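Undergrad: Here is a sequence with its predicted model. Questions after.
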Amino acid sequence: MKSLHKLLLVLCLPAMLMMPACTKDFEDLNTDKNKSGESSGVPEYNFTRALLEFTGNSDYSYDTWRVNIIYCSMMMQQLSNATWYAGDKYLQNDGWASAYFERAYPDQIKYITDVVRVTKDNAYLSNQYNIARIAKVLIFHRLTDTYGDIPYSEAGKGYSDRNFTPKYDAQQEIYMDMLKELDEAAKALDASKAVPGQGDLIYNKGGAVSAAQVVANWKKLAYSLMLRLGMRLSKRDDAVAKTWVEKAYAGGLISSNEENAFIIHDAAGGRTTVNRVSNILSGEWNAINTPGEASISKTFMDFLKNNNDPRLKYIAVVPASNSEVPADQIGMPNGYDSNGGATDISKAPGYPGDTKKYSVLNKNVLLKLNGPTFLVTYAQVELLLAEAAKRGWSVGADATTHYNNGVKAAMEQLAQYNSTASISGAEVQTYLAAHPYDDAKGYDQINTQYWAACVLDWYEAWANWRRSGYPQLTPVNYVGNATGGKIPRRMLYPSSELASN
């Protein structure tokens, strides 16, 4: 596949960037339908940029580091920190907490909103328009989950409408509009029409996938997002949630790991194209190489070890010895520091004598600079269906079947990071036999597995935990924390919003 940094340059050129789904006559082929007197750029370039920067690949990249890693990974107790990361101890840092808000609007929403605007009335670009609507939901979905009420209906219109102070919409209204957008966009996709070319980093990597397959995959992503949004509503309105979840199931969902929505990164392009989580944890910043800065949490390690989870040998490594042997792995408890006082990490129960002996994420599997960023996965879909089935909703199979499918998919997904991380069918079956689905504990089992399946996507782990309450995490109550010892449930708006909007 052509490297991403070269691809971005190619997409800047005014060219025919849509792949025809059928033969066109010569005049039609030589008419540039991407040109628009109103457009601020070529639609497919803006589409590519929005997708790539959704993974944290803006030039600044603060959103990934500050919100996904410093806050979400630590609050969800998959990582732990004994140095300066505020999220481990629920300390308030306004600049870090607001980083995703500050980067999402100029680096993601501006571009995807413009794609929707300039393709809306172009019949030839109808698939680009509807795919962009789905991508727009993907972007706003995370943003509203992170902050609550946000600018939505008027957002991204600074260029087109000169609106620099968009109104804030209520989260309930945002959710209902996102569901409507997914429903309409999925139904409108047409395999007989042109689809985005290689600028579609999710489902047309390399630009050689058939139009029919691209359309089919984007439809499945739309309905899978609808499932996720519907399940989020289960905490607020069970009846409405049921309606949308059943509609999503009927529409057709991601049904294998081969259909996972993910973006493959390019190690050659610097911050703008490398896998940004990997770049922070094991690349440019190399946080896992600083003892105690980004260790695996004791909570996550205990889950993996106590359940003889076959993922452990691929997820964790001991930096002091480079050991991947499960018995050697030790998780760091959350809520400690390196200040020499009562909460110094050396005072933690079971302290191994050196912070280098606490396990970190295995960079050779999970943290490659050219590795994937997963957006929506088959494992997540099946585990959400498992909960829907437990609630008695019509989603095909029973909760046990969906649960087993979800656990299996999550384990096999590791091979998409690195082919060496292959968990056999026999290992999966051994695990499931030892940990069978128990309906009496169903909500806990399903959502704890969802938490484990969201490793590296800590935005999603945090969002689903707030909805479900699982896994049952024990909060820390570090001196000076901002929440009274409760795990935060929202990030903070930028202070500039109070002053200017």
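TA: Yep, it's here. Numbering: from 1, shown residues only.
Undergrad: how many neighbours does the residue nearest to residue 98 when sequence neighbours are not counted have?
TA: Spatial nearest neighbour of residue 98, chain neighbours left out: residue 494 (4.0 Å); criterion: CB to CB, 6 or more residues apart in numbering. For glycine as for every other residue, the C-beta is placed from the backbone atoms N, C-alpha and C. Using other CB atoms under 10 Å, residue 494 has 18 neighbouring residues.
Undergrad: now residue 234
TA: 21.
Undergrad: where's it relative to residue 245, distance?
TA: For residue 234, the distance to residue 245 (CB to CB, to the nearest Å) stands at 8 Å.
Undergrad: Does the host helix or strand of residue 138 pack against any helices or strands, and if so which?
TA: Here residue 138 sits within helix 126-147, counting by DSSP states H and E. When contacts are defined as 3 or more CB pairs under 8 Å, 6 or more residues apart in numbering; DSSP states H and E, helix 126-147 packs onto helix 43-54, helix 99-104, helix 110-119, strand 150-151, helix 171-188, strand 195-196, helix 211-232, helix 458-468.
Undergrad: looking at the protein, which helix or strand does the model trust least?
TA: One helix or strand of the chain scores below all others by mean pLDDT, DSSP states H and E: helix 26-29, with a mean of 29.
Undergrad: The stretch 251-400 of the chain: strands as residue ranges?
TA: Counting by DSSP state E, counting those that start in this stretch, the stretch 251-400 of the chain has strands at residues 261-264, 295-296, 316-317, 360-361, 372-376.
Undergrad: can you pull the buried residues of the longest one?
TA: Using 16 or more other CB atoms under 10 Å as the test for burial, strand 372-376 gives 372, 373, 374, 375, 376.
Undergrad: same question for it, mean pLDDT?
TA: The pLDDT scores in strand 372-376 average 98.
Undergrad: swap in the second one?
TA: If you average the pLDDT over strand 295-296, you get 98.
Undergrad: Sheet partners, orientation included, of it?
TA: strand 79-80 (antiparallel) (DSSP bridges).
Undergrad: any low-confidence regions in the stretch 1-150 of the chain?
TA: In the predicted model, the stretch 1-150 of the chain carries pLDDT under 70 at residues 1-41, 59-61.
Undergrad: now do 50
TA: Under the criterion pLDDT under 50, the flagged ranges of the stretch 1-150 of the chain are 1-2, 9-10, 12-40.
Undergrad: In contact with residue 309, which residues?
TA: Taking CB atoms under 8 Å, 6 or more residues apart in numbering as the criterion, residue 309 is in contact with 303, 431, 452.
Undergrad: Pull out the buried residues from those residues.
TA: The buried subset of the contacts of residue 309 (16+ other CB under 10 Å) comprises 303, 431, 452.
Undergrad: Which ones among these map onto helices?
TA: 303, 431, 452 (DSSP state H).
Undergrad: just checking, the second one touches residue 412?
TA: No - with contact defined as CB atoms under 8 Å, residue 431 does not reach residue 412; the gap is 11.9 Å.
Undergrad: picking up where we left off before, of the contacts of residue 309, just say which sits nearest to residue 437.
TA: residue 431 (12.0 Å; CB to CB).
Undergrad: neighbours of the nearest residue to the closest one once chain neighbours are set aside, just the number please.
TA: Excluding its sequence neighbours, the residue lying closest to residue 431 (CB to CB, 6+ apart) is residue 310, at 6.2 Å. If you count neighbours by other CB under 10 Å, residue 310 ends up with 20.
Undergrad: Can you name the residues that contact residue 361?
TA: 79, 281, 282, 288, 294, 296, 315, 316, 317, 367.
Undergrad: Highest neighbour count among those?
TA: In the contacts of residue 361, the most neighbours by other CB under 10 Å go to residue 79, 31 neighbours.
Undergrad: other SSEs contacting the helix or strand harbouring residue 160?
TA: Residue 160 is part of helix 158-161 when elements are defined by DSSP H and E. Packing contacts for helix 158-161, counted by 3+ CB pairs under 8 Å, 6+ apart, involve helix 110-119.
Undergrad: how big is the angle separating the helix it packs on from helix 171-188?
TA: Counting by axes from the mean of the first three to the mean of the last three CA atoms, to 10 degrees, helix 110-119 lies at 50 degrees to helix 171-188.
Undergrad: If you count neighbours, what's buried in helix 110-119?
TA: For helix 110-119, using 16+ other CB under 10 Å, the buried residues are 110, 111, 112, 113, 114, 115, 116, 117, 118, 119.
Undergrad: wait, doesn't the first one sit right on residue 156?
TA: Yes - between residue 110 and residue 156 there is a contact at 5.4 Å, judged by CB under 8 Å.
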